[in-house]
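Engineer: structure for this input, please:
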Amino acid sequence: MDTRYERQLKRGVLEIVVLKLLSQGRAYGYQLLQRLDQESGGLFRIKEGTLYPILYRLEDDGLVVSEWSIPEDKSVAKKYYRCTLKGDEALVELLELWRKFDRVANHFLQGEDGKT
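Structural biologist: Modelled structure (predicted):
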């Protein structure tokens, strides 16, 4: 079920997830799309039109940088993104915020008896 609520929840967390992936090593857009899809079991199956604006915002904020590079197989040049030091520092803060958000949201969603 891909509702507007699901899309809104994804939108709220995608920047953190993309930043986390790039903190693990550089990647180009298609690699990120594949990892998001595969590692989320399809939950984060998104289109390029969703990913690239996220990458551009992260780059504008100085959290990632991009560089063109030709892969070892000498195919066409690809634009790789990688996390900056500022991005690593921001990720620590964002993950802390996410954990707090998760705890508080679960408090409300599970109710007093811990059941949904």
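Engineer: hang on, E67 in a helix?
Structural biologist: No - per DSSP: H, G, I helix; E, B strand; the rest coil, E67 lies outside any helix segment and is strand.
Engineer: contact partners for it?
Structural biologist: Applying CB atoms under 8 Å, 6 or more residues apart in numbering, one finds that E67 lies in contact with 79-80, 82. Any C-beta I mention is one placed from the backbone N, CA and C, and that applies to glycine too.
Engineer: using CSV, lay out those together with neighbour count, distance to K100 and pLDDT.
Structural biologist: As requested, the contacts of E67 are arranged in CSV below (neighbours: other CB atoms under 10 Å; distance: CB to CB, whole Å; pLDDT from 0 to 100):
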residue, neighbour count, distance to K100, pLDDT
K79, 12, 34, 95
Y80, 19, 32, 96
R82, 15, 27, 97
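Engineer: which ones among these are found in strands?
Structural biologist: Using DSSP state E, the members of the contacts of E67 that fall in strands are 79-80, 82.
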